[in-house]
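S.K.: 3D, please:
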Amino acid sequence: MAGLRRDTGEYGPATTGVPYGMFRYGLRTNVLDWLLERVPTPRRNPFTLGYLAVVATTTTFANLADPELVQRLQEASSSDGHNLLHHPVRALVLSGFWVAGEVWVPYLWGFALTLAPLERRVGPARAAAVFAVGHVGATLLSQGVVMGAVATGRMGTDAMDRLDIGVSYGVLACLGAVAGLMPVRERLLALGGASVMIAQQIAQDRDLVTAVGHPAALLAGVALWRWLRRGRRGPTAGPRRAAARAVHGARARGGLSAAR
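M.R.: Model prediction:
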């Protein structure tokens, strides 16, 4: 076609664009970087890993120590109505250092999918604040409902002494909070999945404390969206991804120069 000329070099036609091999290299690098950037590390997730270490320690102790000793310690740490009235600070703090059950591995995934990504985006201080707000707020609200039910005679006084320990309130608050930092579609999926999970648990357990506390914890995280967005960290590219981008840019510029 007139007016168009294809330059050829000494060794054949000049190529344009990035070679296929470099594309495959860049794809592998980007996928690997995406995975590595989401693996919790002491530098990126000091609060997450520290809290997991505490939970793993208390769970291991609960499985190995004398059952009566474990029961006494958990009852002293419980955030039930009786302890909240007599030892509120101790109950609110220590109740979050135990898990409700003998296995802590499910909480590992819970932390990895909620607290860890939240901490990467807003920093350890704000992530810890979200966890604390969810744990304390949902505990006070749920136990306040129990106290009201006992005072009006709708529940027996033994409800004030039922063991109340665990990290689920903090985890759900972090889930609600991190959803606000996601794109709209992912946000709706996260909140929808959490709502279904909570509704299913309420229907199965029929426990007043979790029926009030779990939705309250999730909503506590949602309520903190505006505050968290003001302190959100910008996305950072890992060194391998940055190097790959530089290589791609240089190759692309070389291809464009050869095509001119």
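S.K.: list the buried residues for the longest helix seen in the chain?
M.R.: Taking DSSP state H as the criterion, the chain has its longest helix at helix 124-151. Neighbour-count burial for helix 124-151, with 16 or more other Cβ atoms under 10 Å as criterion, is recorded at 124, 126-143, 145-147, 149-150. C-beta: built from backbone N, CA, C; applies to glycine.
S.K.: roughly how far does residue 44 sit from residue 100?
M.R.: According to Cβ to Cβ, to the nearest Å, residue 44 stands 28 Å off from residue 100.
S.K.: hmm, back to that, other SSEs contacting the longest helix of the chain?
M.R.: Judged by 3 or more Cβ pairs under 8 Å, 6 or more residues apart in numbering; DSSP states H and E, helix 124-151 is in contact with helix 46-64, helix 81-86, helix 88-94, helix 116-122, helix 168-179, helix 208-223, helix 225-230.
S.K.: that older thread, between residue 44 and residue 100, who's got more neighbours?
M.R.: Shown here are residue 44 and residue 100; by other Cβ atoms under 10 Å, residue 44 has more neighbours (17 against 13).
S.K.: pLDDT wise, what is that one at?
M.R.: pLDDT, residue 44: 83.
S.K.: pretty sure it sits against residue 120.
M.R.: Yes. Using Cβ atoms under 8 Å, residue 44 is in contact with residue 120, at 5.5 Å.
S.K.: state the distance from residue 44 to residue 115.
M.R.: 12 Å.
S.K.: typo on my end, it should be residue 227
M.R.: Taken as Cβ to Cβ, the span from residue 227 to residue 115 is 17 Å.
S.K.: for those two, indicate the residue with more neighbours.
M.R.: Remark: of residue 227 and residue 115, residue 115 carries more neighbours, 31 against 15, as counted by other Cβ under 10 Å.
S.K.: any idea how far the more buried one is from residue 212?
M.R.: 22 Å.
S.K.: could you report the pLDDT at the residue most central in space within the chain?
M.R.: For the chain, the residue nearest the mean C-alpha position is residue 114 (1.1 Å; Cα atoms, centre = their mean). Looking at residue 114, its pLDDT is 93.
S.K.: also residue 230?
M.R.: 84.
S.K.: got it, and residue 101?
M.R.: pLDDT recorded at residue 101 is 75.
S.K.: phi, psi of it?
M.R.: phi 140, psi -180 (degrees, to the nearest 10).
S.K.: where in the stretch 1-150 of the chain is pLDDT low?
M.R.: For the stretch 1-150 of the chain, applying pLDDT under 70 flags the ranges 1-40.
S.K.: circling back to that earlier point, between the helices and strands packed on helix 124-151, which one is closest to residue 155.
M.R.: helix 208-223 (7.5 Å; Cβ to Cβ).
S.K.: stretch 72-87: which residues count as buried?
M.R.: Applying a neighbour-count criterion of 16+ other Cβ under 10 Å, one finds 73-74, 77-84, 87 buried in stretch 72-87.
S.K.: and these, which two are furthest apart?
M.R.: Among these, the pair separated by the greatest distance (Cβ to Cβ) is 73 and 81, at 18.9 Å.
S.K.: run the chain-centre distance for stretch 195-203.
M.R.: Distance of stretch 195-203 from the chain centroid (Cα atoms, centre = their mean, to the nearest Å) equals 19 Å.
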